[in-house]
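Trainee: Sequence unavailable; structure follows:
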């Protein structure tokens, strides 16, 4: 979706506000602004420029945002004014980027802006989900409650993120270590045996000849092999940066045996937790799905959520497109259907999130248990095969000497 820059005037304070919003068209931005009590003055699409030589500014870790949310909620619950709480937290924060952000937010709020308006100016720290929930909390007079929900949500997402890292990085690391060990044996150990066999003039069995040929290739082209791995990694990364590449790789990841199941459960847990948190906090289902799609972490799941959003706009139920997407298991679609019929969708989404977060823990644990013996078998067969092939000529020589 395109990003639009806007300027407007707050209907309550008459303060001039500006920021960025994501919508299908300028009319969508205008509608969002009017909902927040802002009269738009100008709306224009932001021109996206990419400078590959310049690094994007760093954001603030989610863990620090969660801690800020918890501390501000405690202060508001204790009766401390919002401006004073923001100033105290800005002074306390050790992170220089976050300190600068909170100082800007505190200044804007002190000058009459709402907290959500002030936070919208810092999208790398406070995303759409965060600012929309803050706006809902301000409108309903339950800002402290919303901050507590944001804290709980951030902690759940951090847990899911850790599971995702374990599910993806662990097997990759093990495989890289295995390849490195095999390369070291081929480049440094096998040439010693080769010199020994040449000195003895021994006839080499076929397995030994194959291993030595592979060793000769690895030794001669070792720098090129390392460069090849590096270029392959860069190539995959560049391909993933394209729309088509991300779609292909994300679909492939979801279909990998065992690991794909864990990634799918992580995506479903994140979907249910995010949408439940937004829906409970008073954000509309359409806007909630839009925000949830952008936090899905997988483009296939993201497209499925956008399809659900479009279907709801057309007057359909949420369960129908979920069932048709093929992403969500039947239990999820059935629970959502029941939630729509009973008016308890937020409650059932929270239960789904709890269930799938437990399923994620079990899936990642099973993945680790399965990978360890698989990698041990792989290393045992590969390294064992190399060692046996190297000792076969020695055994043949010993047999000849014993017979002679």
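Mentor: Sure, I can see it. Note that the coordinates shown come from a computational prediction; the quantities given were computed from them, not determined experimentally.

Trainee: what about the strands in the stretch 151-300 of the chain?
Mentor: In the stretch 151-300 of the chain, no segments count as strands under DSSP state E, counting those that start in this stretch.

Trainee: low-confidence ranges in it?
Mentor: Counting by pLDDT under 70, the low-confidence segments of the stretch 151-300 of the chain come to 167-168, 202.

Trainee: ranges for the helices of it?
Mentor: If you assign secondary structure with DSSP state H, counting those that start in this stretch, the helices in the stretch 151-300 of the chain sit at 190-200, 206-220, 222-240, 243-255, 259-280, 285-294, 299-313.

Trainee: Going by neighbour count, list what's buried in the first one.
Mentor: Taking 16 or more other C-beta atoms under 10 Å as the neighbour-count basis, helix 190-200 is seen to contain the buried residues 190, 193-194, 197. No exception for glycine: its C-beta is placed from N, CA and C like everyone else's.

Trainee: Which strands and helices lie in contact with it?
Mentor: helix 206-220, helix 345-403 (3 or more C-beta pairs under 8 Å, 6 or more residues apart in numbering; DSSP states H and E).

Trainee: among these, which is nearest residue 76?
Mentor: With C-beta to C-beta, the closest approach to residue 76 among the helices and strands packed on helix 190-200 belongs to helix 345-403: 23.0 Å.

Trainee: Would you mind getting the angle between that closest one and helix 259-280?
Mentor: Orientation of helix 345-403 against helix 259-280 (axes from the mean of the first three to the mean of the last three C-alpha atoms, to 10 degrees) gives an angle of 160 degrees.

Trainee: confidence score at the closest residue to residue 287 other than its chain neighbours?
Mentor: Taking C-beta to C-beta, 6 or more residues apart in numbering, and ignoring the residues beside it in sequence, residue 287 has residue 132 as its nearest neighbour in space, at 6.5 Å. pLDDT, residue 132: 81.

Trainee: dump the residue contacts of residue 132.
Mentor: 116, 278, 283, 287, 291 (C-beta atoms under 8 Å, 6 or more residues apart in numbering).

Trainee: among those residues, who's most crowded?
Mentor: The most crowded member of the contacts of residue 132, judged by other C-beta atoms under 10 Å, is residue 278 (27 neighbours).

Trainee: check contacts around that one.
Mentor: 129, 132-133, 287-288, 291-292.

Trainee: tell me the two of these that are most distant?
Mentor: 133 and 292 (12.3 Å).

Trainee: wait, residue 345 sits on residue 336?
Mentor: Yes. Applying C-beta atoms under 8 Å, one finds residue 345 in contact with residue 336, separated by 6.9 Å.

Trainee: where do the contact lists of the two overlap?
Mentor: residue 318.

Trainee: Between those two, point out the one with more neighbours.
Mentor: In this view residue 345 and residue 336 are compared by other C-beta under 10 Å, and residue 336 has more residues nearby, 24 against 21.

Trainee: Next up, the contacts around the residue most central in space within the chain.
Mentor: When the chain is reduced to its mean C-alpha position, the closest residue under C-alpha atoms, centre = their mean turns out to be residue 297, at 4.6 Å. Residue 297 makes contact with 164, 266-267, 270 under the criterion C-beta under 8 Å, 6+ apart.

Trainee: ok, of those residues, which one's closest to residue 15?
Mentor: Distance from residue 15 was checked for each of those by C-beta to C-beta. The minimum falls on residue 270, at 35.6 Å.

Trainee: Just give me the neighbour total for residue 260.
Mentor: The burial count for residue 260: 15, using other C-beta under 10 Å.
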